[in-house]
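1. My questions are about this predicted structure, shown below with the sequence.
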Amino acid sequence: MPELPEVESYARALRAPLIGRTITAVRVYWPRTVAQPSVREFTRRLPGLRVNAIDRRAKYLVFALSAKSSQVPTDYLLIHLKMSGQLDVTSHPKPIDKHDRVIFDLSGGRRLHFNDMRKFGRMYLVPHPEVITERLGPEPLSDEFTLDGFRQRLRKRKGRLKSLLLDQTFIAGIGNIYADEALWLARLHPLRRADSLSEAETRALYRAIRAALREGIKRNGASFDRVYRSGDYKFRVYARADRPCRRCRQPIRRTVVGQRGTYFCATCQSLRG
DNA sequence: CAAACTCCCTGTTAGC
DNA sequence: TGCTAACAGGGAGTTT
């Protein structure tokens, strides 16, 4: 499932083929994919707008759109891929896939297919991206995510570390995979209470979050062959139940925390400080 | 503030 | 062999 590193890889990969192109037509095959505004207004307003910039905020792709002659964005298209969303740019028309939910026609004969088997993905066409993203926590790879700020906010929370890392209002962009990866790197048990970390553990977690995400971006970037493919990632703990821990060779355990499958090493991830 | 649960979905897999 | 039910998961929303 796409998390921060996968979405970042998408943003980088889509810039070259899409920036400067103008949307000429939009077809919506699954109306609920368009969360905002109505499908009618979505398909009416987009044609004529040009892709000015493509960025990422948390797990959202943010397309800045402007009227043809202007550089100033007038609208923003936000896309959240959720579980199974994929984006694919084609230069030559290809048949509509049964899981295609929205197709954008672009100048120069290009098309952008939004394919989403599970139908959880959502799009938002809004005047400012903050309308959608204002509740999100800090970007873990940006300067706004500081060790000091992290320490202070961690101290105020009594929940489990795993659940907290998945809370998008606490830190933005981490999902189930990178939460487990970061906790393993930091040698912290997913059920540890957030306010129980020592200074050294806090620093370890802060670094582990950034390291896990940075490595993810590196690998996704490398394996990005037009379409995002997940299979080629070597995770440290995620989905490795019963297989040996890469540090201590003890079997990786799987449990459920907050309704999410959670993988960890009971030997080297400490539950008590 | 936090935990627990519901909802939206369908391909995959386990169980009968 | 063929069917059914459970399961996975992001995240918003609701209830306790």
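-> Perfect, thanks for sending it.

2. C-alpha from now on. contacts and neighbour counts both.
-> Fine.

3. got a list of what A:Phe120 touches?
-> A:33, A:81-85 (Cα atoms under 8 Å, 6 or more residues apart in numbering).

4. 6 Å instead?
-> Going by Cα atoms under 6 Å, 6 or more residues apart in numbering, A:Phe120 touches A:Lys82.

5. Tell me how far it lies from A:Leu81.
-> To A:Leu81, A:Phe120 is 7 Å away according to Cα to Cα, to the nearest Å.

6. likewise A:Gly20?
-> Note on A:Gly20: its distance to A:Leu81, by Cα to Cα, is 23 Å.

7. Same drill for those two, tell me which one is more crowded.
-> Neighbours were counted for A:Gly20 and for A:Leu81 using other Cα atoms under 10 Å; A:Leu81 has more, 25 against 18.

8. my read: the more buried one touches A:Gly121, true?
-> Yes. Using Cα atoms under 6 Å, A:Leu81 is in contact with A:Gly121, at 4.6 Å.

9. next one: phi and psi at A:Ala35?
-> With angles defined as degrees, to the nearest 10, A:Ala35 sits at phi -80, psi -30.

10. If I look at it, what pLDDT would I see?
-> Among the per-residue scores, A:Ala35 shows a pLDDT of 93.

11. How about the contacts made by it?
-> A:122-124.

12. Now, these that are in strands?
-> If you go by DSSP state E, the contacts of A:Ala35 have A:122-124 in strands.

13. from the residues you listed, which single one is nearest DNA strand B?
-> Nearest to DNA strand B, judged by Cα to the nearest atom of the strand, of those is A:Arg122 at 10.0 Å.

14. Where does the prediction get shaky in chain A?
-> Applying pLDDT under 70 to chain A flags residues A:222-233.

15. Check which element follows the top helix by length along it along the chain.
-> For chain A, the helix with the greatest residue count under DSSP state H is helix A:199-223. Tracing the chain past helix A:199-223, the next element assigned as helix or strand by DSSP states H and E is strand A:253-257.

16. so what strands line up beside that following strand?
-> Strand pairing for strand A:253-257, determined by DSSP bridges: strand A:260-264 (antiparallel).

17. Is the residue of chain A most remote from its centre within a helix or a strand, and which one?
-> Ranked by distance from the centre of chain A (Cα atoms, centre = their mean), the top residue is A:Ser69, with 31.6 Å. Following DSSP H and E, there is no helix or strand that holds A:Ser69.

18. Please apply the same query to A:Asp88.
-> Here A:Asp88 is assigned to strand A:85-90, by DSSP H and E.

19. Now find how far off-centre that strand is within its chain.
-> Computed by Cα atoms, centre = their mean, to the nearest Å, the separation of strand A:85-90 from the middle of its chain amounts to 15 Å.

20. cool, stretch A:209-225 as well?
-> Worked out by Cα atoms, centre = their mean, stretch A:209-225 lies 12 Å from the chain centre.

21. Identify all contacting residues around that stretch.
-> With contact meaning Cα under 6 Å, 6+ apart, stretch A:209-225 is reached by A:5, A:9, A:182.

22. swap in stretch A:94-112?
-> A:21-30, A:88-91, A:113-117.

23. where does A:Arg101 sit relative to DNA strand C, distance-wise?
-> Distance of A:Arg101 to DNA strand C, computed by Cα to the nearest atom of the strand, to the nearest Å: 16 Å.

24. give me the element that residue is part of.
-> strand A:100-106.

25. what's the neighbour count on A:Arg44?
-> 12.

26. Enumerate the residues of the stretch 51-200 of chain A near DNA strand B.
-> Counting by Cα under 7 Å from any atom of the strand, the stretch 51-200 of chain A comes close to DNA strand B at A:117-120, A:156-160, A:163.
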